[in-house]
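Chemist: Just to be clear, the model below is a prediction. Sequence and coordinates:
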Amino acid sequence: DALSSATNRTTSSREVGGATFYDYDIESPDYHYLVAITVSNGKVFSLFVRSPTKSFPANEAKLRHIVETFRLL
């Protein structure tokens, strides 16, 4: 549903501790999603952060920090 109602999508990738993380920023009329996905030892790990679009700007820095600091131990 998030992708079908998306009004804007941004993707990027980053290297952290030898692992490639794929980041997605998905905007829709009702929700704003921030997603980080990586693969380790043949398993997929992901973090999804969902915020109501109306309140996203007030919390954006904190929500982005959560996703940007996602790591595997």
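Modeler: Perfect, I can see it now.
Chemist: Centroid-nearest residue for the protein?
Modeler: Nearest to the centroid of the C-alpha atoms of the chain, with distances taken as C-alpha atoms, centre = their mean, sits Val35, at 1.8 Å.
Chemist: So that residue: helix, strand or coil?
Modeler: Per DSSP: H, G, I helix; E, B strand; the rest coil, the local secondary structure of Val35 is strand.
Chemist: Make sure it is actually in contact with Ser46.
Modeler: Yes: contact criterion C-beta atoms under 8 Å: Val35 and Ser46 qualify, at 6.5 Å. C-beta here means a position set from N, CA and C on the backbone, and glycine is covered the same way.
Chemist: Kindly confirm my reading that Lys62 is in a helix.
Modeler: Yes: under three-state DSSP, Lys62 sits within a helix.
Chemist: Would you mind measuring from it to Ser4?
Modeler: 27 Å (C-beta to C-beta, to the nearest Å).
Chemist: circling back: near the residue lying closest to the residue nearest to the centre of the chain once chain neighbours are set aside, how many other residues are there?
Modeler: Leaving aside its sequence neighbours, Val35 sits nearest to Tyr24 (C-beta to C-beta, 6 or more residues apart in numbering; 4.1 Å). Counted with other C-beta atoms under 10 Å, residues neighbouring Tyr24 total 19.
Chemist: mind showing which ranges of this structure have poor pLDDT?
Modeler: Along the chain, the model assigns pLDDT under 70 to residues 1-2.
Chemist: what ranges do the strands span in it?
Modeler: 8-16, 19-27, 31-40, 43-52 (DSSP state E).
Chemist: Pick the most buried one from those strands.
Modeler: Compared across those, strand 31-40 shows the largest average neighbour count, a mean of 18 (mean count of other C-beta atoms under 10 Å).
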